[in-house]
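Q: pasting the structure only:
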């Protein structure tokens, strides 16, 4: 089970830290990812981190504003959001990579099998 937390309402320019707690399985051999879905839009890749945290990948729109991290000892993954914009408003989902090269980063949602229920981030202008 993947459970996201940390979402909320924030003003433009503000910050939030999202967390994803995983139970029932260990994530220490799996890459993890964050995706988001805004109302009326397709799900969009945000960030991915390799199994050991040494490699990360971000969506083009991130432009240095977000940072993904993980703590394998705690079985958690985090996403630090800074310089938030109204267009960042979306439900944010974490996911575990369980297809193909499971340790490697990926922006392809197909390779992620297990997903959380999402946490809502709303950025006001």
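A: Sure thing, it's come through. Every value quoted in this text rests on a predicted model; they were computed, and no experiment measured them.

Q: once you drop chain neighbours, what's closest to the spatially most central residue of the chain?
A: Centroid check for the chain by Cα atoms, centre = their mean gives residue 34 as the closest residue, at 2.2 Å. Residue nearest to residue 34 in three dimensions, not counting chain neighbours: residue 46, with 4.2 Å by Cβ to Cβ, 6 or more residues apart in numbering. Just so you know, the C-beta spots here come from the backbone N, C-alpha and C atoms, and that holds for glycine as well.

Q: isn't that neighbour right up against residue 67?
A: No - the pair residue 46 / residue 67 is not scored as a contact, 11.0 Å apart, by Cβ atoms under 8 Å.

Q: so how far is residue 125 from the residue nearest to the centre of the chain?
A: Distance, residue 34 to residue 125, using Cβ to Cβ, to the nearest Å: 23 Å.

Q: ditto for residue 114
A: From residue 114 to residue 125 the distance is 34 Å (Cβ to Cβ).

Q: higher neighbour count, those two?
A: For residue 114 versus residue 125, neighbours defined as other Cβ atoms under 10 Å are more numerous around residue 114 (17 against 9).

Q: roughly how far does the nearest residue to the more buried one once chain neighbours are set aside sit from residue 83?
A: In space, and not counting its chain neighbours, residue 114 is closest to residue 96: 4.4 Å by Cβ to Cβ, 6+ apart. Between residue 96 and residue 83 the distance is 28 Å, computed by Cβ to Cβ.

Q: these two: which is more packed in?
A: Set residue 96 next to residue 83 and count neighbours by other Cβ under 10 Å: residue 96 wins out with 21 against 13.

Q: in which helix or strand would I find that one?
A: Using DSSP states H and E, residue 96 falls within strand 90-97.

Q: how distant is that strand from the center of its chain?
A: 5 Å (Cα atoms, centre = their mean, to the nearest Å).

Q: now do stretch 67-78
A: Between the centre of stretch 67-78 and the centre of its chain there are 10 Å (Cα atoms, centre = their mean).

Q: regarding that stretch, how distant is the last residue from the first?
A: Using Cα to Cα, to the nearest Å, the span of stretch 67-78 from its first residue to its last is 8 Å.

Q: cool, and stretch 61-72?
A: Note: stretch 61-72 ends 27 Å apart using Cα to Cα.
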